[in-house]
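Q: this is the structure alone, sequence omitted:
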Ligand SMILES: [Zn+2]
């Protein structure tokens with residue numbers, strides 16, 4: 001089976017990310033510096049970009065939280081650091097349609113963008129608890145995913161994308177969430193993004209085996225998803241954990 005390498009791209013850093021939003025009711029009041037992460041999956045002649053990051057510092061500070069975004073964190077520069085130009089991207093996968101994961105989709109005109117059908121349905125009419133994350137019209141904004149509506153390929157459930165790369169339906173943080181399961185020389189990695197925003201979400205706290213994100217619509221759905229993840233992968237890669245950058249590539253090079 002085809003084998004790939006996965007490069008994490010740091011596209012910005014939240015300066016005051018409330019811990020209890022990432023880890024359900026844990027560490028209320030504690031603020032974390034957390035990265036906004038996209039992943040480049042390379043191999044087999046393909047460059048697959050998983051998520052496209054957030055808006056700029058001014059936008060973020062006004063509508064969400066303050067971020068730091070240095071020149072090297074701009075998506076085009078982060079790709080350039082890996083020798084990849086925007087036109088070299090084969091296709092894009094959006095794990096979900098929150099503003100900090102799809103903002104820069106429009107930097108890739110004409111490229112296919114894969115998203116779950118259920119995610120698109122929810123993103124168009126989210127529950128009020130998620131209006132801010134989708135930048136919904138209900139709060140007077142224009143959702144960033146709407147900039148690229150004609151580029152979406154809507155998939156329904158687990159879907160093979162290429163040999164060794166599968167889109168995995170893991171409803172959790174949002175009801176249409178998908179991860180990307182990637183075959184490597186060292187087993188299967190699941191790009192879990194905000195389904196497991198921190199390694200701690202997966203590793204648990206000694207009482208709870210896994211800890212859901214506080215941003216969810218159905219806890220039963222979250223736990224069913226964890227059961228599924230346990231069966232399919234060897235490693236997970238989270239959406240907002242700086243520890244990801246302890247390595248420049250996955251599987252790590254010795
Ligand atoms: Zn999210």
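A: Received it, and whenever you're ready, just let me know what you need. Remember, it's a predicted structure, so these values are computed and weren't measured experimentally. Numbering: from 1, shown residues only.
Q: which neighbouring elements make contact with the helix or strand harbouring residue 41?
A: Element membership of residue 41, judged by DSSP states H and E, is strand 31-43. Using 3 or more CB pairs under 8 Å, 6 or more residues apart in numbering; DSSP states H and E as the contact definition, the elements that strand 31-43 packs against are strand 5-18, helix 19-22, strand 46-50, helix 75-80, strand 178-184, strand 187-193. Quick note: C-beta positions are derived from backbone N, CA and C, even for glycine.
Q: which helices and strands sit right next to the fourth one?
A: By that I understand helix 75-80. strand 5-18, strand 31-43.
Q: and the most centrally placed residue in the chain, bridged to which residues?
A: Averaging the C-alpha coordinates of the chain gives a centre point, and the residue nearest to it by CA atoms, centre = their mean is residue 193 (3.7 Å). For residue 193, the beta-bridge partners under DSSP bridges are residue 238.
Q: what does this structure have sitting close to the ion?
A: Taking CB under 5 Å from the ion as the criterion, the neighbours of the ion within the chain are 98, 194.
Q: what about 6 Å?
A: Residues of the chain lying close to the ion by CB under 6 Å from the ion are 96, 98, 133, 173, 194.
Q: which non-adjacent residue is nearest the second one?
A: Just to be clear, that refers to residue 98. residue 133 (4.3 Å; CB to CB, 6 or more residues apart in numbering).
Q: and if you look at the first one?
A: Distance criterion CB to CB, 6+ apart; nearest residue to residue 96, sequence neighbours excluded, is residue 174 at 4.5 Å.
Q: so the one you found: helix, strand or coil?
A: Three states are possible here, and by DSSP: H, G, I helix; E, B strand; the rest coil the one that applies to residue 174 is coil.
Q: that one contacts residue 129, doesn't it?
A: No - the criterion here is CB atoms under 8 Å, and residue 174 misses it with residue 129 at 10.9 Å.
Q: ok, the two, which is more surrounded?
A: More neighbours sit around residue 174 than around the other of residue 174 and residue 129, counting by other CB atoms under 10 Å; the figures are 29 against 11.
Q: residue 217: neighbour count?
A: The criterion is other CB under 10 Å. On that basis, residue 217 has 16 neighbouring residues.
Q: kindly apply the preceding question to residue 90 instead.
A: Residues lying near residue 90 (other CB under 10 Å) number 16.
Q: same check, this time on residue 121
A: Neighbours around residue 121, by other CB under 10 Å: 13.
Q: swap in the one 3 residues further on?
A: Under the neighbour criterion other CB under 10 Å, residue 124 is assigned a count of 14.
Q: ok, now residue 131?
A: 16.
Q: touching, it and residue 140? I think so.
A: No - using CB under 8 Å, residue 131 is not in contact with residue 140; the gap is 9.9 Å.
Q: for the helices and strands packed on strand 31-43, give me CSV that also has mean pLDDT.
A: Written out in CSV, the entries for the helices and strands packed on strand 31-43 read as follows (pLDDT from 0 to 100):
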stretch, mean pLDDT
strand 5-18, 97
helix 19-22, 96
strand 46-50, 98
helix 75-80, 98
strand 178-184, 98
strand 187-193, 98
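Q: most tightly packed of these?
A: The highest mean neighbour count among the helices and strands packed on strand 31-43, using mean count of other CB atoms under 10 Å, belongs to strand 178-184: a mean of 25.
Q: returning to that earlier point: doesn't the residue nearest to residue 98 fall inside a helix?
A: Yes - following the definition three-state DSSP, residue 133 is counted among the residues of a helix.
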